[in-house]
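Chemist: predicted model and sequence below, questions to follow.
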Amino acid sequence: MIRHLRVHGRVQGVWYRGWTVDQATALGLDGWVRNRRDGTVEVLVSGPEAAVAALIRRCHEGPPAAQVERIEEMETDESPPAGFTQRPTS
């Protein structure tokens, strides 16, 4: 299963990207996370359906300082590289 996410809210400057890398790595997922210039965080995640769903649930909460307002979830054909990394702002 592959999902492309856009996370809206107070999600920059609150360790959201590093937290996402930790969560995805613990779940054995592939993909990446990056800040967007519009203030959102973008995530591309791939792996078993249950693990991807678990990450998405966790992303709705985020790290303690985050305030997630909503997450746009889209299907995609883009295949991420192995492992889960943090990418530069786009």
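Modeler: It's in.

Chemist: for the rest of this, base every contact and every neighbour count on C-alpha atoms.
Modeler: Will do.

Chemist: look up the closest residue to residue 46, ignoring the ones flanking it.
Modeler: residue 2 (4.3 Å; Cα to Cα, 6 or more residues apart in numbering).

Chemist: in terms of pLDDT, where does the one you found sit?
Modeler: Looking at residue 2, its pLDDT reads 97.

Chemist: and the residue lying closest to residue 89 once chain neighbours are set aside, backbone torsions?
Modeler: Excluding the flanking residues, the one nearest residue 89 by Cα to Cα, 6+ apart is residue 35, at 4.7 Å. When read as degrees, to the nearest 10, the backbone of residue 35 gives phi -80, psi 150.

Chemist: for residue 35, list each beta-bridge partner.
Modeler: residue 41 (DSSP bridges).

Chemist: what about it, distance to residue 9?
Modeler: Separation of residue 35 from residue 9 (Cα to Cα, to the nearest Å) stands at 12 Å.

Chemist: who has more neighbours out of the two?
Modeler: With neighbours defined as other Cα atoms under 10 Å, residue 35 and residue 9 compare such that residue 35 has more, 22 against 14.

Chemist: let me know whether the more buried one touches residue 12 as I believe.
Modeler: Yes - with contacts counted by Cα atoms under 8 Å, residue 35 reaches residue 12, the gap being 7.0 Å.

Chemist: joint contacts of the two?
Modeler: residue 41 (Cα atoms under 8 Å, 6 or more residues apart in numbering).

Chemist: can you pull out the strands in this protein?
Modeler: 2-10, 30-35, 41-46, 67-75, 84-86 (DSSP state E).

Chemist: chain center to the shortest one: distance?
Modeler: Taking Cα atoms, centre = their mean, to the nearest Å, the mean C-alpha location of strand 84-86 is offset from the chain mean by 9 Å.

Chemist: buried stuff in it?
Modeler: 84, 85 (16 or more other Cα atoms under 10 Å).
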